[in-house]
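1. My questions are about this predicted structure, shown below with the sequence.
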Amino acid sequence: MLRRFLEKRRRLPELLSADDFYAPINAFLDPRLAELGFIRPKQGIWVREDCSSGRPMFDLWHFKGKWSALLWGFALTYVPHFNNSFTKLI
């Protein structure tokens, strides 16, 4: 057991850079989502430009275990707040 501990550790394979990872994804999704009115403001995020209050968006999330998923939702242009007594929505 001690011999195994003292052996040199195996080298891990080279990791992909962010540009190498997103290049095929952007090449596939950018033209298809652009037809629907989406733009890419940041790497892995697509937001529809023409909506005023709640804009539809797609977001590429990375999970443990080498999994990625494309999630969708709405990006609010404002965040509603309550006043100090929680009686009125501002």
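-> Arrived safely, thanks for sending. Numbers count the residues shown, from 1 in each chain.
2. In the lengthiest helix in the chain, which residues are buried?
-> Counting residues, the longest helix found in the chain (DSSP state H) is helix 18-34. For helix 18-34, burial by neighbour count (16 or more other Cβ atoms under 10 Å) applies to Phe21, Tyr22, Asn26, Leu29, Leu33. Where you see a C-beta, it was placed from the backbone N, CA and C, and this is true even at glycine.
3. do the same with stretch 43-58
-> Going by 16+ other Cβ under 10 Å, stretch 43-58 has these buried residues: Gly44, Trp46, Val47, Arg48, Arg55, Met57, Phe58.
4. For the longest helix of the chain, list the C-alpha coordinates in CSV.
-> Extracted as CSV, the C-alpha positions of helix 18-34 are listed here (Å, rounded to 0.1, in the frame of the first residue of the first chain):
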residue,chain,number,x,y,z
ALA,A,18,-13.8,27.6,-22.9
ASP,A,19,-13.4,28.7,-26.5
ASP,A,20,-12.9,25.1,-27.7
PHE,A,21,-15.9,23.9,-25.6
TYR,A,22,-18.3,26.6,-26.8
ALA,A,23,-17.2,26.7,-30.5
PRO,A,24,-19.4,23.8,-31.7
ILE,A,25,-22.3,24.8,-29.5
ASN,A,26,-22.3,28.4,-30.7
ALA,A,27,-22.0,27.2,-34.3
PHE,A,28,-25.0,25.0,-33.9
LEU,A,29,-27.3,27.3,-31.7
ASP,A,30,-26.4,30.8,-32.8
PRO,A,31,-28.0,30.7,-36.3
ARG,A,32,-31.1,28.8,-35.1
LEU,A,33,-31.8,31.0,-32.1
ALA,A,34,-31.0,34.2,-34.2
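5. pretty sure Tyr22 is touching Ile45, no?
-> No - look at Tyr22 against Ile45 with Cβ atoms under 8 Å: they stay out of range, at 10.9 Å.
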